[in-house]
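Trainee: mind folding the following:
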Amino acid sequence: MAWSPNSFGGAPGAFLLGLPALVSIVNPLGSALIFSQVLSDRSHADRSLLARQVATYSATVLLVSLWAGSAILDFFGVTLSALRLAGGLVVASRAWTLLNAPEQSEARKEQQANPARLSGDVAFYPLTMPFTTGPGSIAVSIALTSVRPEGGAAYLPFMLGLTASAFAVCGLIWVCYRYADSVIALLGSSGARVVSRLVAFLLLCIGTQIMINGLHDLIPKLFATSQ
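Mentor: This is a model prediction of the structure:
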């Protein structure tokens, strides 16, 4: 049986779907390590301010992606089945990369947050886009909305559940960035990678399930068309 947003009961089910997916792709723990390194010359007060600004901007990016992303694709005639299949593939492929080579993801993020760029107002660029919530986060957000109910009373609770998961992730961004030094002391780089791999595996499962949902809707339509 395909996963349904009502499997856990509307908004809670959407929250439980969105939270691990967004946490894995944003990776607040791993990003906090790099955030601390590239801003080591800034004062604690300055880093705390940047942490709050990045969390706020990240919430804006994720919410726009969640609420408007699928609508834009609908405008271009992308069917919900195709969105589920493609979105699940994107999520699964990103998870596979994070699961097998987290070091590559960390190196890419460190390059995006190059200290040479960090002058002036850096909260949105490059610390929010693309360092914290880049194209991968936007793609995953749109993919999550692909399993939304097709209209009806269940639509709004589902989207509110995803919205709550986005706010929860942005809360984690703020905490991890603001207390990055404590996070490093508690986990270290190896500990953060272990946590990242565990959550990436969960993201891989979510991406696979989204693809299964897309195939579950698409295959009967293909058979009906061929008859």
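Trainee: what's the pLDDT at F8?
Mentor: pLDDT, F8: 46.
Trainee: let me redo that: F223
Mentor: Value for F223, per-residue pLDDT: 68.
Trainee: in the helix or strand hosting L50, what counts as buried?
Mentor: Taking DSSP states H and E as the definition, L50 sits inside helix 44-75. By neighbour count with 16 or more other C-beta atoms under 10 Å, helix 44-75 contains the buried residues 47, 50-51, 53-55, 57-59, 61-63, 65-66, 69-70, 73. From N, CA and C alone the C-beta is placed, and that goes for glycine too.
Trainee: same thing with stretch 193-206?
Mentor: Applying 16+ other C-beta under 10 Å to stretch 193-206 flags R193, V195, S196, V199, A200, F201, L202, L203, L204, I206 as buried.
Trainee: how about the helices in this structure?
Mentor: Taking DSSP state H to define them, one finds helices in the chain at 11-26, 28-38, 44-75, 80-100, 102-112, 135-145, 155-178, 180-226.
Trainee: OK, contacts around I206?
Mentor: Shown in contact with I206 (C-beta atoms under 8 Å, 6 or more residues apart in numbering): L17, P20, A21, V91, A95.
Trainee: one more time with 7 Å, if that's ok
Mentor: Each residue near I206 by C-beta atoms under 7 Å, 6 or more residues apart in numbering is listed here: L17, P20, A21, V91.
Trainee: pLDDT below threshold where in the chain?
Mentor: 1-9, 101-120, 151, 189, 223-227 (pLDDT under 70).
Trainee: list the contacts for the residue nearest the centre of the chain?
Mentor: Centroid check for the chain by C-alpha atoms, centre = their mean gives L22 as the closest residue, at 2.9 Å. The neighbours of L22, taking C-beta under 7 Å, 6+ apart as the test, are L62, V140, S165, A166, V169.
Trainee: go through the residues you listed and say which is closest to A185.
Mentor: V169 (22.8 Å; C-beta to C-beta).
Trainee: count the neighbours of the closest one for me.
Mentor: 27 (other C-beta atoms under 10 Å).
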